[in-house]
Structure formats: structure tokens, C-alpha cells
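>>> Fold the following.
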Amino acid sequence: MNNKITGKYGEWLAGRYLVQKGYKILSKNYKTPAGEIDIVARDGEKIVFVEVKTRKSDRFGKPFEAVNYKKREKIIKNASLYLSKFKELPSVRFDVISINLQNKDKSIEHIEDAFEMS
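Residues are numbered from 1 along each chain as shown. So this is what the prediction gives:
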């Protein structure tokens with residue numbers, strides 16, 4: 001499985017996981033001039049921007065460790081562009097879903113409130 005297919009599969013698993021937890025998916029792969037947001041969802045009254053990281057092994061670290069400062073800044077910029085279409089700013093949260101596909105076992109780690117808008 002190449003990285004692009006692995007990533008798409010991870011995003012599909014994450015979307016399914018969120019729906020099972022009661023989230024409403026608003027958008028997947030939302031594109032802005034600054035990039036893309038993997039999943040935009042609603043959890044109650046909150047808009048949740050979800051970054052999904054999928055790995056086939058821990059050789060290069062845990063998947064969530066790839067969401068470094070630079071990546072977080074890009075996610076925040078994309079989220080700001082998404083939110084610009086609202087007349088009233090909703091409550092927001094940034095989550096990371098870390099998926100490990102090692103040895104055909106799928107582990108999903110959901111980190112809620114992983115970082116804040118600066």
C-alpha cells in the first residue's frame with residue numbers, strides 16, 4: 001500500500017470512527033488556497049478540525065508526532081479560511097486522529113483538543 005492509499009484509508013477509518021462516536025461530518029478533504037483540512041466535523045455545537053495521520057509502522061515515530069508546529073500553523077490557517085464563511089464565529093476545536101496499521105492491527109488514537117488556535 002503506497003502512502004497516498006494508506007492516507008486515504010486512514011481518513012476513511014477516521015471518518016467512520018467519528019460517525020460512530022456521534023460526530024456529524026461536514027466536509028472531507030476541504031481545500032483552501034493554503035492547503036487542505038482532512039475532516040471538518042460537528043461535535044455538538046463545536047466545529048472540529050481533524051488532522052488524520054496514518055502509519056504502517058512506528059519506525060519514524062507515532063503518527064500524531066508528525067503534527068509539528070509548522071503543520072499545526074498550516075491547519076490553523078486553513079481553519080481560519082473555512083471559518084471566514086460564518087457570520088458568527090462558532091466554537092472550534094482541533095483534534096488529531098492517529099492511526100497505526102502495523103501488522104494488520106488497526107489502532108486508532110483520538111487526541112481531542114490537540115492544540116489551540118494562536
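>>> C-alpha only now, for contacts and for neighbours.
Will do.
>>> Need the mean per-residue confidence for the helix or strand where residue 53 lies.
Assessed by DSSP states H and E, residue 53 sits inside strand 46-55. Across strand 46-55, pLDDT averages out at 94.
>>> what comes into contact with the helix ranked longest in the chain?
The single longest helix within the chain, with elements called by DSSP state H, is helix 3-20. With C-alpha atoms under 8 Å, 6 or more residues apart in numbering as the test, helix 3-20 has contacts from 24, 25, 38, 39, 52, 53, 54, 55, 56, 97, 99, 108.
>>> Any stretches of this protein with poor pLDDT?
1, 103, 118 (pLDDT under 70).
>>> which residues does residue 30 bridge with?
residue 37 (DSSP bridges).
>>> give the contact list for it.
Residue 30 sits next to 36, 37, 38, 39, 40 when contact means C-alpha under 8 Å, 6+ apart.
>>> Next, name the residue at the spatial heart of this protein.
residue 51 (1.9 Å; C-alpha atoms, centre = their mean).
>>> That one contacts residue 36, correct?
No. Assessed by C-alpha atoms under 8 Å, residue 51 is found out of contact with residue 36, at 9.6 Å.
>>> any common contacting residues for those two?
Listed as contacting both residue 51 and residue 36 by C-alpha under 8 Å, 6+ apart are residue 75.
>>> Now do the strand holding residue 53: everything it contacts.
Against strand 46-55 from outside (C-alpha under 8 Å, 6+ apart): 6-7, 10-11, 14, 37-42, 62-64, 66, 75, 79, 90-102.
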